[in-house]
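Enquirer: when you get a sec, could you give me coordinates for this:
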Amino acid sequence: MTIKSYFARTVEEAMAAARAELGPDAMLVNSRKSAVEARHLGEYEVVFATNLPTGEDAALAPAAAPAFPVADRLSAEVAELKKELEGMRRVITRSAFAPPHWSGATPSAPEAYAALAAAEIDAELARDIVQRAEARLSQARSSASRGAQRLEGSGFERLLAEEFEARFSVEPVVGAGEATPRIAALVGPAGSGKTTTLVKLAVNYGLAARRPVLLLSMDTYRVGAAEQLRSYAAILGVGFQLLETVTALAQTIEENRGKELILIDTPGLGFGDMDESAALAQLLSGRADIDTHLVLPASMKSADLARVVDAFQSFRPNRLLFTKLDETTSFGPMVNEAVRTGRPISFFTAGQRIPEDLEAATRARLTEMVLAPSLGRARPAA
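Expert: Numbers count the residues shown, from 1 in each chain. Model prediction:
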């Protein structure tokens, strides 16, 4: 068997040349655009095979063997193309996202900035994180002390992670300090997942620790909301009360000091509902023994998230709790709000399963979510 390539301006011209030389019995094996190094021969390449074995010879001939050189060549070309595309991606990344000036301590700085920008980290915050990581690396390289050499050996990615994690805090706790009972209230916009999150907290931080639990609902706005929580309480075997006034809430808390964990569900509030909730906001913000978590969908855009957080300022929430992580791939807005408000992040939820889809917030987990996807590698071990 003979395999030969023909190059021409079009596929039809290349096929015509092959037929003219090899005859009508020649078989078309492949057609494609010419490789870069062969582009001067013609825009397209066609591969023809001739002198095919027939009859008894066909049974003895290694029919598949001639295909291997073609397949090998194709694999090599695909690998080379992937390499070129990766190089182009890096160049585009650097030019599209990199700030005007970097210290030059590491060529990874533009890519790191791009990873933060792709996760929707605030541009100024991203720039500061990368520049400080670069500065630390540069300082380590210029110092001869043993400690600095160890710092340099940890690498730019670790320094980047450390600078990133230094910007926010996490406090995956329920309750204010060592106060007894532990009391936590969940506030937030409608549809943020407060009720199911409350139940997850009741199971993980109440029943799992064998603490007597009481669920209280102030949600008289939404049809069926209280009944949903009442049903959960019945399934879990814990106490439940529906309260209609702030006075009743304060009185119920006092009457149940024997409980170890009291969780308060509140109505989902829109921007136009804040005036009606002023009394509830005053109670929750004025009591140091109530730990208020602002429940926010992680899928919100950064600007919308900031607007909601500001709207709930009257409640003076102690922590931020983010839900619906399974509905987004951009986790930067969570970090932006934690940095902007100075409030710690308490928990994450990523689904409706109770109690599995509740995760205590950690710096390492958030670093992994923000940096690992775009940098294409796992977070360095701390």
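Enquirer: for burial, what's the neighbour tally of Gly191?
Expert: The tally of other residues near Gly191 (other C-beta atoms under 10 Å) stands at 11. Any C-beta I mention is one placed from the backbone N, CA and C, and that applies to glycine too.
Enquirer: domain map for this protein?
Expert: Following automatic domain parsing, the chain resolves into domains at 2-81, 101-165, 182-361.
Enquirer: now the ones you listed as a markdown table including distance to Met369 and mean pLDDT?
Expert: As requested, those are arranged in a markdown table below (distance: least, C-beta to C-beta, whole Å; pLDDT from 0 to 100):
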| stretch | distance to Met369 | mean pLDDT |
| --- | --- | --- |
| domain 2-81 | 31 | 68 |
| domain 101-165 | 8 | 77 |
| domain 182-361 | 4 | 91 |
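Enquirer: of those domains, which approaches Val173 most closely?
Expert: Set against Val173 and scored by C-beta to C-beta, the domains of the chain come closest in domain 182-361, at 6.9 Å.
Enquirer: and the end-to-end length of that closest one?
Expert: 19 Å (C-alpha to C-alpha, to the nearest Å).
Enquirer: list the contacts of the residue nearest to Val339 when sequence neighbours are not counted.
Expert: In this structure, Val339 finds its nearest non-sequential neighbour in Arg167, 5.0 Å apart by C-beta to C-beta, 6 or more residues apart in numbering. Listed by C-beta atoms under 8 Å, 6 or more residues apart in numbering, the contact set of Arg167 reads 125, 129, 335, 338-339.
Enquirer: what about the helices in the stretch 151-300 of the chain?
Expert: Applying DSSP state H, counting those that start in this stretch to the stretch 151-300 of the chain gives helices spanning 156-165, 194-202, 225-236, 246-255, 278-286.
Enquirer: want to throw the ones you listed into TSV with distance to Glu368 and mean neighbour count?
Expert: Formatted as TSV, the helices of the stretch 151-300 of the chain follow (distance: least, C-beta to C-beta, whole Å; neighbours: other C-beta atoms under 10 Å):
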stretch	distance to Glu368	mean neighbour count
helix 156-165	9	22
helix 194-202	22	24
helix 225-236	31	17
helix 246-255	38	15
helix 278-286	33	16
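Enquirer: which phi and psi does the residue nearest to Val339 have?
Expert: phi -80, psi -20 (degrees, to the nearest 10).
Enquirer: look up how far Gly332 lies from it.
Expert: Distance check for Arg167 against Gly332: by C-beta to C-beta, to the nearest Å, it reads 11 Å.
Enquirer: Ser192 too?
Expert: Taken as C-beta to C-beta, the span from Ser192 to Gly332 is 19 Å.
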